[in-house]
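Asker: Give me a 3D structure for the following:
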Amino acid sequence: MFVRVKPAGQYRYLQIAKNFREGKKVKQKILCTLGRLDELTESGKLDALAESLLRFSKKLTVVNLHKQ
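Answerer: The predicted model follows:
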């Protein structure tokens with residue numbers, strides 16, 4: 001899984017996607033659209049989501065503690 005930015009008109013949307021193979025082709029499936037990137041960034045919701053996800057990662061938690 002990975003996070004991608006999807007441009008749509010004048011806006012950019014943040015999505016969680018995954019790759020899968022269908023025959024010989026690699027395709028992407030969008031699992032979730034989190035919202036407009038500008039709104040998530042300005043409101044602080046993106047930082048809150050990232051910090052919430054850090055609870056489940058042992059490696060990145062150590063890196064995050066080091067930055068503080």
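Asker: For the rest of this, base every contact and every neighbour count on C-alpha atoms.
Answerer: OK.
Asker: so residue 33 sits in a strand?
Answerer: Yes: counting by DSSP: H, G, I helix; E, B strand; the rest coil, residue 33 is located in a strand.
Asker: Distance-wise, check it relative to residue 24.
Answerer: Noted for residue 33: a distance of 27 Å to residue 24, by CA to CA, to the nearest Å.
Asker: neighbour-wise, which of these two wins?
Answerer: Set residue 33 next to residue 24 and count neighbours by other CA atoms under 10 Å: residue 33 wins out with 15 against 6.
Asker: what's near enough to touch the more buried one?
Answerer: Contacts were defined as CA atoms under 8 Å, 6 or more residues apart in numbering; by that measure residue 33 touches 13-16.
Asker: and the helix or strand containing residue 53, which residues are buried?
Answerer: Assigning secondary structure by DSSP states H and E places residue 53 in helix 45-54. In terms of neighbour count (16 or more other CA atoms under 10 Å), helix 45-54 has its buried residues at residue 46.
Asker: Just the CA coordinates for that helix, please, in PDB.
Answerer: What follows is helix 45-54, C-alpha atoms only, in PDB (Å, rounded to 0.1, in the frame of the first residue of the first chain):
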ATOM      1  CA  LYS A  45      -5.600  16.600  10.100                       C
ATOM      2  CA  LEU A  46      -2.800  15.200   7.900                       C
ATOM      3  CA  ASP A  47      -0.300  15.500  10.700                       C
ATOM      4  CA  ALA A  48      -2.700  14.000  13.200                       C
ATOM      5  CA  LEU A  49      -3.300  11.100  10.900                       C
ATOM      6  CA  ALA A  50       0.400  10.500  10.400                       C
ATOM      7  CA  GLU A  51       1.100  10.600  14.100                       C
ATOM      8  CA  SER A  52      -1.800   8.200  14.700                       C
ATOM      9  CA  LEU A  53      -0.300   5.800  12.200                       C
ATOM     10  CA  LEU A  54       3.100   6.000  13.900                       C
END
